[in-house]
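Visitor: Mind looking at a prediction? Sequence and model below.
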Amino acid sequence: TWYREKGNKAFGKGQYDLARKLYTKGIRNQPTCKLFCNRSAAHMRLGEPEDASRDASLAIRLDPKSVKARAKKAMALTKLGRHREAIQHIREALEVEPNDPQLMNMLSDLESCCSHIETGQVLEEQLPSKGSKFENADGVRAVAEALEALKSAAGEHKQSSEVRKHLDVLRKMLKNRDCLDFMIASNGFHAIVGAFQYDNERVLVLMNRVLCELPFLAEQLMSKAEFNLVIKSLNERRVAIVSSAFDVADNLSDKSHDFREQLFDSAPAMNVLF
């Protein structure tokens, strides 16, 4: 109990590595479901979802009816991209606490996430066929070509005007659901962010459009390094860029505690806010 309490205090101060060490000492002294759950949370904050998943499994083994352990397991699995397994754990937690609003929201978000990813995979599989049954097959194909061009531009020095042309295609086509789903399935978000060096304003606008449409995918879509590009844009002199960057930052920080901490720990954000 002493180690868990000390670990919780460290965790609350954002000292996640210290918290993890304290939880580990507590586990060595007397392993409990709560200690494994808490260490799982520390692992998640440190960017270690596999370790977080392992600790959550050990917590479940100690107490199969622990709602907290099931939720921690689901969060780790989601970060690992194993959404169907995460859904199963949330459903088992709901059997214990059927009216828990947080669990119900998690289940809804996960099911929506799976739906979008699976729809996108179907789009990708059918894309080569000219006789596609999609309502906007030409749009999907245009998105595929634009993303491929952006991916190649990331490793080469391209003319900015050429890259902007592809970004404008995406800006137009991603209003369509088929095109948006295909972009997610083909890992296109990272290709869009990869064009940041060519035109940060267009990229920021596109990022915000995607995140507004798919808020539950925020943590899966963007890495902390990519989010840092958004934060750095808050130092730009052009009002349009700062405004777009803040829209993206606000959208992401609203969905993720980690992104929110990263935002408010940054000097650029403080300059804009205060």
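Guide: Yes, it's here.

Visitor: Dump the C-alpha coordinates for whatever helix or strand A76 lives in into PDB.
Guide: Element membership for A76 (DSSP states H and E) is helix 67-79. C-alpha atoms of helix 67-79 as PDB (Å, rounded to 0.1, in the frame of the first residue of the first chain):
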ATOM      1  CA  VAL A  67     -13.200  -3.500 -14.300                       C
ATOM      2  CA  LYS A  68     -10.100  -1.300 -14.000                       C
ATOM      3  CA  ALA A  69      -7.800  -4.200 -15.200                       C
ATOM      4  CA  ARG A  70     -10.100  -4.900 -18.200                       C
ATOM      5  CA  ALA A  71     -10.100  -1.200 -19.100                       C
ATOM      6  CA  LYS A  72      -6.300  -1.000 -18.800                       C
ATOM      7  CA  LYS A  73      -6.000  -4.000 -21.000                       C
ATOM      8  CA  ALA A  74      -8.300  -2.500 -23.600                       C
ATOM      9  CA  MET A  75      -6.400   0.700 -23.700                       C
ATOM     10  CA  ALA A  76      -3.100  -1.000 -24.200                       C
ATOM     11  CA  LEU A  77      -4.600  -3.300 -27.000                       C
ATOM     12  CA  THR A  78      -6.000  -0.200 -28.700                       C
ATOM     13  CA  LYS A  79      -2.600   1.400 -28.800                       C
END
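
Visitor: what helices or strands is it leaning on?
Guide: Secondary-structure packing of helix 67-79 (3 or more C-beta pairs under 8 Å, 6 or more residues apart in numbering; DSSP states H and E): helix 33-45, helix 49-62, helix 83-96, helix 101-126, helix 218-221. Every C-beta, even on glycine, is put in place using the N, C-alpha and C of the backbone.

Visitor: Run through who's touching that helix.
Guide: With contact meaning C-beta atoms under 8 Å, 6 or more residues apart in numbering, helix 67-79 is reached by 33-34, 36-37, 40-41, 43-44, 49-50, 52-53, 55-57, 59-60, 62-63, 83, 85-87, 89-90, 92-93, 96-97, 100, 102-103, 106, 110, 113, 219-220.

Visitor: So how do I select the buried members of those residues in PyMOL?
Guide: Provided next is the PyMOL selection string for whichever of those are buried by 16 or more other C-beta atoms under 10 Å:
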select buried, resi 33+34+36+37+40+41+43+44+49+52+53+55+56+57+59+60+62+63+83+86+87+89+90+92+93+100+103+106+110+113+219+220
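
Visitor: how about G14, secondary structure?
Guide: When classified by DSSP: H, G, I helix; E, B strand; the rest coil, G14 comes out as coil.

Visitor: give the contact list for it.
Guide: Residues in contact with G14 (C-beta under 8 Å, 6+ apart) are E261.
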